[in-house]
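> sequence plus predicted model, see below.
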2 protein chains.
Amino acid sequence: MRWSEFFIPTTKEVPKDAVVPSHVLMLRAGLIRQLAAGIYSYLPLGYRALRKVEAIVRDEMNRAGAIELHMPVLQPVELWEETGRTEAMGDVLLRLAGPKGDWRSQTVLGPTHEEPITEIARAYLRSYKQLPVCLYQIQVKFRGEARPKSGVLRTREFLMKDAYSFHDSLECLGEEYKKMYAAYCRLFARCGLPYVVVEAESGPIGGDASHEFMVQTDAGEDTLVRCGSCGYAANTERAEARPVPQDEAEMQSLKDVHTPDQRTIDEVTAFLGLTPERMIKTLVYVDGSNGQGDDAPGAGDAVPVVVLVRGDHEVNENKLNRVAGASLELADEATIEKLTGAKVGFAGPHALDKSGAGYRLIVDQAVAGMRNGATGACKTDYHATGVNPVRDFALTGDHVIVDDVRLVAAGDACAKCGGALESEKCIEVGHVFQLGTKYSDAMKANYLDKNGRAQPLIMGCYGIGLNRIMAAAIESSHDDGGIIWPMTIAPFHVLILALDPRKEDVVATASKIHDELETAGIDVLLDDRNERAGFKFKDADLIGIPVRITVGSRALVDGMVEIKERRAENVEKLAPKAAVQRARDLVAAALKKLEQ
Amino acid sequence: MRWSEFFIPTTKEVPKDAVVPSHVLMLRAGLIRQLAAGIYSYLPLGYRALRKVEAIVRDEMNRAGAIELHMPVLQPVELWEETGRTEAMGDVLLRLAGPKGDWRSQTVLGPTHEEPITEIARAYLRSYKQLPVCLYQIQVKFRGEARPKSGVLRTREFLMKDAYSFHDSLECLGEEYKKMYAAYCRLFARCGLPYVVVEAESGPIGGDASHEFMVQTDAGEDTLVRCGSCGYAANTERAEARPVPQDEAEMQSLKDVHTPDQRTIDEVTAFLGLTPERMIKTLVYVDGSNGQGDDAPGAGDAVPVVVLVRGDHEVNENKLNRVAGASLELADEATIEKLTGAKVGFAGPHALDKSGAGYRLIVDQAVAGMRNGATGACKTDYHATGVNPVRDFALTGDHVIVDDVRLVAAGDACAKCGGALESEKCIEVGHVFQLGTKYSDAMKANYLDKNGRAQPLIMGCYGIGLNRIMAAAIESSHDDGGIIWPMTIAPFHVLILALDPRKEDVVATASKIHDELETAGIDVLLDDRNERAGFKFKDADLIGIPVRITVGSRALVDGMVEIKERRAENVEKLAPKAAVQRARDLVAAALKKLEQ
């Protein structure tokens, strides 16, 4: 391919909101163009990379025995009503505009495809003899992201590989899950991604167990914790740490201290001269599920839920909701004042009704082991010190739960080995879920077992964001000059620079190298533009093709061309024929390294 | 691939609305599943065929020098307002539901991509040096079809290849158009389609010249006329016929005849004892464009337009609108009665104001050459006979146009050679357009020419419906038993039937054949299901894999298996090794025949 016949609009200027490296570089290298917020075109160079990612994903899915199909974007909303996910998805679920009663007003754009695949399974998977089966597609998804950002990392339209497996036993699901997990490891490695697998929250997809595949980058919006000793890794949404040991200090007496206008942890610790871990954060929640999920214990409960975490800890709302069996949200001022008898900012558990009437109490395990904490006194402008669990507020009783409800942070002790946890920003590129029967129960997708009894299909689902793979590869492999593509997903393997494209010998040599590489099955791009050498070198670094061959008239006098790897410093001079061979060897070696 | 590990839900039952063969067979063979009206999933077997179509289309586009990119589905409505196509598309243009002012209410789903590609061209194609360039994508499209039907032939969501070319001269556009035309011929031939290229109307896409690629089938909703002598072919929306020669009969005198309650052509010809070609149909139109397109001559004109066609002819509204320079629609009763002074059904041109005041007259060429026609008398319950053009109503003057405004029909004389035209139902599988500057003018997409002057980009566009190719292939190649796939797009090349899959020698032989064919790069499916032979033969015919190898224990006693082509009657007995070779030869020969 010749640059002059291709379409690579490289540019120096990018909009101010492009901050993260993959976003900046994808725009500068002419890989993408924004059409609207969170909506991008893939320009030819970018689309070549995306297609290579797609081919690797498809290859690994086929190798794992998954079968490809293709479901539509448009879906009847009634399918989503069967599973109750019109509510769970909220504004993420995009709908067509149309008059009431019209087909359009009954149609949504698929943000994921559990519902239509379960409809297909319900129609065709009637017997245990047809199981297991794993179906997948590579297909465009739509989500009503309120705040798209970071280029193609968080968008409203994106390409996803989604696979769904169907089983007649949890053991069989477990085996498929392992198979998919292994396929994911292989495919991310093939794409050149330094990935980490972490334990994950299932979120609105649901299910019993899930893992995320993460790539570390400051551009990410997820955080993972990882143990340097044993390798334990989890999304902070999910991560657990070793329980904090019981503090054995002697109990001091409970005392109210005047703390006028000191409400936040920072204010109070500064005022009292305490460190944050001596504080008990007393938060008041209410059930925000509005009568949904009536089956969950505590759901629809009008009673406020008082939650205690240590002053230096944050509540993990996923854990909290699981523990509470409800969907909690922070209470309003009126509820807090009614419960505590004080202004907001002065709540404390010891000063509430000892019988537990009128509230529930959820105590984080780290608070349960504290001695002599400080917290609000349930009196405006007063805090209490010397607050001790058991003595001053109950850890047992019908209204109390003690559990792990906090976000794990860097420095916490690993739940598995006690080693120190580290924390990293990251992006999710894949997610595997053991769904169980969530969807088959809701949609009555049953098969007949060996005894002729109807049983709900047991399901797994397995997703990958293809655009994110591309961006993550750039996040983890670039320098100041531009992208450094992994060979497997590089839009071209080799870039030939014809430095003086008006000189016949340069053109002839460059064309010959081009043709020989192309014949050898190498994806090769020839920069034949009539531009300055410096300009072309800069563009070469920017678009990041892994191997560069430079043909200039000066070196040609000695019968030489130059070859350089994008990620290396050294330039090698070789005769054109040897350069072709060296390029082929470099490509083959890089592919082999990633694909083995 | 083994049938038992794949997913092919063949079925005998199809819904009543499945009538056309491709629809029935795609459902019965388990290629597709309807999720909602006009919205289909492609099940694994169907998706394999679709992917093969896609690969052929991509290959031919690349071969023609077009460059692949990928534009999003979601598009800001403001782009469509720039070109005025929010109006032209009407309900076909689907929008997202959202509160006023929200991004969603400003977002449409692309039914085609002229607007976003022109936005890309406007951003990057700044100089004549960058031209020509042809960009394409293979991407899902959405259209608000009011009445989806005929399976995947008319749907609301479909896969399209759309290419767009940009030029600095009409000559250059013409060359690209020829190149695309040739690529289309090659790719339809490769897909095994018996296609016809016809002259076409451009419709809401616009532009100066266009051709459609049609496949003849009764399932089609288009009609083409074709000359058996010279090969001229056109969509009836567009087709022209040779002018009807001047009738030289002697002029009779004009006479009013009492025809109480006889309004329609059928009624009047029966009553008067005339054949329909002796009648002049007098129709009254008004401009329905509501002030749009104010630049067009006659647009926004409140004056009724009287249109005359022969009694056995139909008005071609595309031609009529082009001739009138307006968007005409039939007038209401009041307008007709006011103009003619009679009830609807009795209009005639000879009885209108001779000066042409208060109306315009458009006379089809066939009427202009008539003698002694019959038409309405502009008197309720009266028709006139002996009506003669020139003598009784003007063919010249400011208010009169004589032109070709009728639908060509079977039996008309070919415009090129005078041969008899035939008419056929067909489906459109591709359409190429010379757009000119319609979009670049509207969106101010200019480049700088050699003299540094800004000029609008000259554009072409080229579309193919991939799902329709698949359905058209089935329409043109099936029998009572099922599909007969062209080898190039068959989901598998070879189907092996293991007739007694519980017998070891059958399984061993079938597996060996399967593995040898797979190793040779043949797409092979092994029916290893434990089902009756008759059942498996029926399914084999239904899914239509081109080559079938049958392994049964009876023939195996003699060391033989059977090989049969799906489209042939004869079965050949061969040793397994020879059958593998024969299958390879048959596949290679069929591919070569289609791909050369």
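Done, it's in.

> when you work out contacts or count neighbours from here on, use the C-alpha atoms and nothing else.
OK.

> get me the contact residues on the stretch 201-350 of chain A for chain B.
Contact residues (Cα under 8 Å from any Cα of the partner chain) of the stretch 201-350 of chain A with chain B: there are none.

> got any ranges where the stretch 201-350 of chain A has weak pLDDT?
A:203-208, A:289-301 (pLDDT under 70).

> which residues of it fall in strands?
Taking DSSP state E, counting those that start in this stretch to define them, one finds strands in the stretch 201-350 of chain A at A:209-216, A:222-227, A:233-235, A:255-258, A:280-287, A:305-310, A:328-330.

> can you put those in TSV and add mean neighbour count?
Below are the strands of the stretch 201-350 of chain A laid out as TSV (neighbours: other Cα atoms under 10 Å in any protein chain shown):
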stretch	mean neighbour count
strand A:209-216	23
strand A:222-227	24
strand A:233-235	26
strand A:255-258	15
strand A:280-287	24
strand A:305-310	25
strand A:328-330	18
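
> out of these, nearest to residue B:486?
Closest to residue B:486 of the strands of the stretch 201-350 of chain A is strand A:209-216 (Cα to Cα; 42.0 Å).

> quick one: work out the angle between the closest one and strand A:222-227.
Between strand A:209-216 and strand A:222-227, the angle comes out at 100 degrees (axes from the mean of the first three to the mean of the last three Cα atoms, to 10 degrees).

> what's strand A:209-216 in contact with?
Outside of strand A:209-216, the residues within contact range by Cα atoms under 8 Å, 6 or more residues apart in numbering or on different chains are A:193-202, A:235, A:424-435, A:472, A:476.

> that one: partners in the sheet, and parallel or antiparallel?
strand A:195-199 (antiparallel), strand A:421-436 (antiparallel) (DSSP bridges).

> filter the contacts of strand A:209-216 to the buried ones?
Buried by 16 or more other Cα atoms under 10 Å in any protein chain shown: A:193, A:195-202, A:235, A:424-435, A:472, A:476, out of the contacts of strand A:209-216.

> residue A:309 against residue A:364, yeah?
Yes: shown here, residue A:309 and residue A:364 form a contact pair, counting by Cα atoms under 8 Å, at 5.3 Å.

> confirm residue A:181 sits in a helix?
Yes: inclusion of residue A:181 in a helix is indicated when DSSP: H, G, I helix; E, B strand; the rest coil is applied.

> gap between it and chain B?
20 Å (Cα to the nearest Cα, to the nearest Å).

> then residue A:379?
44 Å.

> grab the nearest non-local neighbour of that residue.
residue A:342 (4.9 Å; Cα to Cα, 6 or more residues apart in numbering or on different chains).

> just so I know, which of the strands paired with strand A:209-216 lies nearest residue A:285?
Going by Cα to Cα, the one of these nearest residue A:285 is strand A:195-199, 26.8 Å.

> I'd like the strands paired with strand A:209-216 laid out as TSV, including mean pLDDT.
Shown next, in TSV, are the strands paired with strand A:209-216 (pLDDT from 0 to 100):
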stretch	mean pLDDT
strand A:195-199	93
strand A:421-436	94
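
> would you turn those into a markdown table with distance to residue A:28?
As requested, those are exported to a markdown table (distance: least, Cα to Cα, whole Å):
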| stretch | distance to residue A:28 |
| --- | --- |
| strand A:195-199 | 26 |
| strand A:421-436 | 22 |
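
> returning to what we had before: got the contact list for the residue nearest to residue A:379?
A:336, A:378-380.

> again, only this time at 7 Å
For residue A:342, the contacting residues are A:378-380, by Cα atoms under 7 Å, 6 or more residues apart in numbering or on different chains.

> what are the ranges of the strands in the stretch 51-200 of chain A?
Using DSSP E, counting those that start in this stretch, strands in the stretch 51-200 of chain A cover A:67-68, A:74-76, A:94-95, A:107-109, A:133-142, A:157-167, A:195-199.

> between those, which gets nearest to residue B:542?
Using Cα to Cα, the nearest of the strands of the stretch 51-200 of chain A to residue B:542 is strand A:67-68, at 20.8 Å.

> what strands line up against the closest one, and which way round?
Paired neighbours of strand A:67-68 in the sheet (DSSP bridges): strand A:133-142 (parallel).

> avg pLDDT for the strand it pairs with?
What strand A:133-142 shows for mean pLDDT is 98.

> quick one: it to chain centroid distance?
Taking Cα atoms, centre = their mean, to the nearest Å, one finds the center of strand A:133-142 at 18 Å from the center of the full chain.

> list the contacts of that strand.
A:66-70, A:109-112, A:156-166.

> can you report how many residues lie near residue A:460?
28 (other Cα atoms under 10 Å in any protein chain shown).

> actually residue A:85, not the one I typed
Residue A:85, neighbours per other Cα under 10 Å, totals 16.

> same check on residue A:169?
Neighbours of residue A:169 using other Cα under 10 Å come to 15.

> what's the closest non-adjacent residue to it?
The nearest residue in space to residue A:169 (Cα to Cα, 6+ apart) is residue A:458, at 6.6 Å.

> count of neighbours near the residue of the stretch 151-300 of chain A found nearest chain B?
Chain B sits closest to residue A:157 of the stretch 151-300 of chain A, with a gap of 7.3 Å, by Cα to the nearest Cα. Using other Cα under 10 Å, residue A:157 has 21 other residues around it.

> okay, the residue nearest to residue A:379 and residue A:354: tell me how far apart.
17 Å (Cα to Cα, to the nearest Å).
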